[in-house]
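1. here's my sequence, what's the structure:
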Amino acid sequence: MMTNIQSQEQMPTGSLFRKILVAVDGSEHADRALQKAIELIQALSNKPSLTAVHVNPVMMVAEPPLGIDVDAKLNEEGHEMTEPYRQVLDPTGIQYDINYQTGDPATIICDLANSQNYDLIVMGTRGMSKMSELFLGSVSHKVIQHANCPVLTVK
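-> Next comes the predicted model:
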C-alpha cells in the first residue's frame, strides 16, 4: 500500500488568501460584505490583511464653482464615507487599510485588485432583478468579469 504524504518542507506554506479587498459604498450590501470579510479573516489562521475601498463615481461637471477645490472636497467626502468602516474594523484587530478614489467603480476595483495582487474581492450586490441587470449591468457583474482573482458577492 502506497501513501502520499508530503514532508513539512514540501507542503505549501502560504494561505489561500493573504490580501482581501472589500468594496464599500455605504449600502447595506456593502456592510454585509465587510462583515463577511471580517468573519473570513477571523476564521483563517494566517489573518490576511484587508483593504476597504470606496469609489466615488465620476461626476461630469463642466467647470467647478470658483473657490472650490474639487480634489480636497472628494478627499473629505471619501474620508467621511469610510469613517464608519474604520469604527467597525478598529476593534477587530485585523490589519487593514482604507482606500478611496474617484472614477468608474468597477474599473478602479479591478485595477486595484489586479495591480496590488489581491487574492480575493468581497463586495455586495444591489439585488437587481435579472432584467435590470441584463439592460443596465452592475458593478459586481463587471468586477466578476474583469478581476484576475476570485470575487465573493454578498446579498
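2. return the distance of the lengthiest helix in the chain from the chain's centre.
-> When every helix of the chain is counted residue by residue (DSSP state H), the longest turns out to be helix 70-89. Here helix 70-89 shows a centroid-to-chain-centroid distance of 15 Å under the convention CA atoms, centre = their mean, to the nearest Å.
3. which element is encountered next along the chain beyond that helix?
-> strand 96-102 (DSSP states H and E).
4. how far does that following strand sit from its chain's centre?
-> 9 Å.
5. please identify the buried residues of that strand?
-> Residues 96, 98-102 are the ones in strand 96-102 that count as buried (16 or more other CB atoms under 10 Å). (Glycine included, C-beta is placed from N, CA and C.)
6. all helices of this structure, in order?
-> Counting by DSSP H, the chain forms helices over residues 28-43, 70-89, 105-115, 130-136, 139-146, given from the N-terminal end onward.
7. so which of those helices gets nearest Ile20?
-> With distances scored as CB to CB, the stretch of those nearest to Ile20 is helix 28-43 (5.6 Å).
8. dump the C-alpha coordinates for the closest one into CSV.
-> Output for helix 28-43, consisting of C-alpha atoms alone and laid out as CSV, is shown next (Å, rounded to 0.1, in the frame of the first residue of the first chain):
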residue,chain,number,x,y,z
GLU,A,28,-26.4,47.6,3.5
HIS,A,29,-25.0,45.2,0.9
ALA,A,30,-21.5,46.7,1.4
ASP,A,31,-21.9,46.5,5.2
ARG,A,32,-22.7,42.8,4.9
ALA,A,33,-19.8,42.2,2.6
LEU,A,34,-17.5,43.8,5.1
GLN,A,35,-18.9,41.7,7.9
LYS,A,36,-18.4,38.5,5.8
ALA,A,37,-14.8,39.5,5.0
ILE,A,38,-14.2,40.1,8.8
GLU,A,39,-15.6,36.7,9.6
LEU,A,40,-13.5,35.0,6.9
ILE,A,41,-10.3,36.7,8.1
GLN,A,42,-11.0,35.8,11.7
ALA,A,43,-11.6,32.1,10.7
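9. give the other helices and strands that it contacts.
-> The contact analysis (3 or more CB pairs under 8 Å, 6 or more residues apart in numbering; DSSP states H and E) places helix 28-43 against strand 19-23, strand 49-56, helix 70-89, strand 120-124, strand 151-154.
10. what's the least confident stretch among the ones you listed?
-> When these are ranked by mean pLDDT, helix 70-89 comes last with a mean of 85.
11. run through the residues that contact the residue most central in space within the chain.
-> Among the residues of the chain, Val22 comes closest to the average C-alpha position under CA atoms, centre = their mean, at 2.2 Å. When contacts are counted by CB atoms under 8 Å, 6 or more residues apart in numbering, Val22 touches 30, 33-34, 37, 50-53, 121-123.
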